[in-house]
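Novice: Predicted model, plus sequence, below.
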Amino acid sequence: MDNVGIYTPPQASPSVSGSGSEVFQPSLTVNELEVTQPAQDKLHEIITQTDEDVSAIRIYISGGGCGGLSYGMTFTDEQGDFDTILQFDGFKILVDVVALNYLKGAQIDYIQEVGRERFVFNNVFAETGGSGVCGGCGSAGGGCA
């Protein structure tokens with residue numbers, strides 16, 4: 001009874017078995033996350049023009065609740081044990097498995113409009129369902145207290 005209350009977390013491994021016969025696969029496919037050609041071109045341009053020593057672009061999610069989720073990208077030079085990888089010519093995209101659950105079936109596009117250029121995440125929640133807003137308090141457009 002000396003060790004009661006002491007928790008030792010299990011050691012993570014990139015090839016961890018999931019439930020049933022699922023096995024963690026670090027490679028992404030375009031069916032899981034599509035990156036349009038304009039987005040690929042712009043990401044390649046950005047990563048080759050940076051002065052930083054980066055090897056990849058990480059896609060992340062943040063937020064939640066009534067405001068919905070926010071999607072973004074950042075440079076990275078570190079790959080985690082549970083990152084999935086989408087490889088392109090000259091760069092790669094990393095998405096951790098938690099974010100991938102919210103991005104499966106999504107498309108990343110790059111749009112150029114007069115005076116405005118931006119990356120757009122289309123079809124988020126394509127496979128998981130949901131709208132990114134709560135709706136439970138009657139203010140589905142946001143503003144829940």
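Specialist: On my side now, so go ahead.
Novice: just the strands in the chain please.
Specialist: Applying DSSP state E to the chain gives strands spanning 33-35, 56-63, 69-76, 83-88, 91-96, 106-113, 116-122.
Novice: Out of these, the one nearest Asp41 is which?
Specialist: Nearest to Asp41, of all the strands of the chain, is strand 106-113, at 7.4 Å by CB to CB. C-beta: built from backbone N, CA, C; applies to glycine.
Novice: Now do the top helix by length along the chain: which elements does it pack against?
Specialist: Longest helix in the chain, counting residues (DSSP state H): helix 37-49. Using 3 or more CB pairs under 8 Å, 6 or more residues apart in numbering; DSSP states H and E, the elements in contact with helix 37-49 are strand 56-63, strand 83-88, strand 91-96, strand 106-113.
Novice: who touches that helix?
Specialist: The contact list for helix 37-49, computed with CB atoms under 8 Å, 6 or more residues apart in numbering, reads 35, 54, 57, 73, 75, 88-91, 93, 108-112, 119.
Novice: what residue ranges in this structure score low on pLDDT?
Specialist: Applying pLDDT under 70 to the chain flags residues 1-25, 64-65, 125-145.
Novice: Now for the nearest residue to Phe119 once chain neighbours are set aside: which residues touch it?
Specialist: The spatial neighbour of Phe119 that comes closest, neighbours along the chain excluded (CB to CB, 6 or more residues apart in numbering), is Tyr110 at 5.5 Å. Going by CB under 8 Å, 6+ apart, Tyr110 touches 36, 38-39, 41-43, 117-120.
Novice: For Glu34, list each beta-bridge partner.
Specialist: Taking DSSP bridges as the rule, Glu34 bridges to Gln107.
Novice: Can you check which of the helices and strands packed on helix 37-49 gets nearest to Val124?
Specialist: strand 106-113 (4.9 Å).
Novice: Kindly format the C-alpha coordinates of the closest one as PDB.
Specialist: What follows is strand 106-113, C-alpha atoms only, in PDB (Å, rounded to 0.1, in the frame of the first residue of the first chain):
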ATOM      1  CA  ALA A 106     -11.600  18.700 -44.500                       C
ATOM      2  CA  GLN A 107     -10.000  20.700 -47.300                       C
ATOM      3  CA  ILE A 108      -7.400  23.500 -46.900                       C
ATOM      4  CA  ASP A 109      -7.500  26.000 -49.700                       C
ATOM      5  CA  TYR A 110      -5.700  29.300 -50.400                       C
ATOM      6  CA  ILE A 111      -7.900  32.200 -51.700                       C
ATOM      7  CA  GLN A 112      -6.700  35.400 -53.300                       C
ATOM      8  CA  GLU A 113      -9.300  38.200 -53.500                       C
END
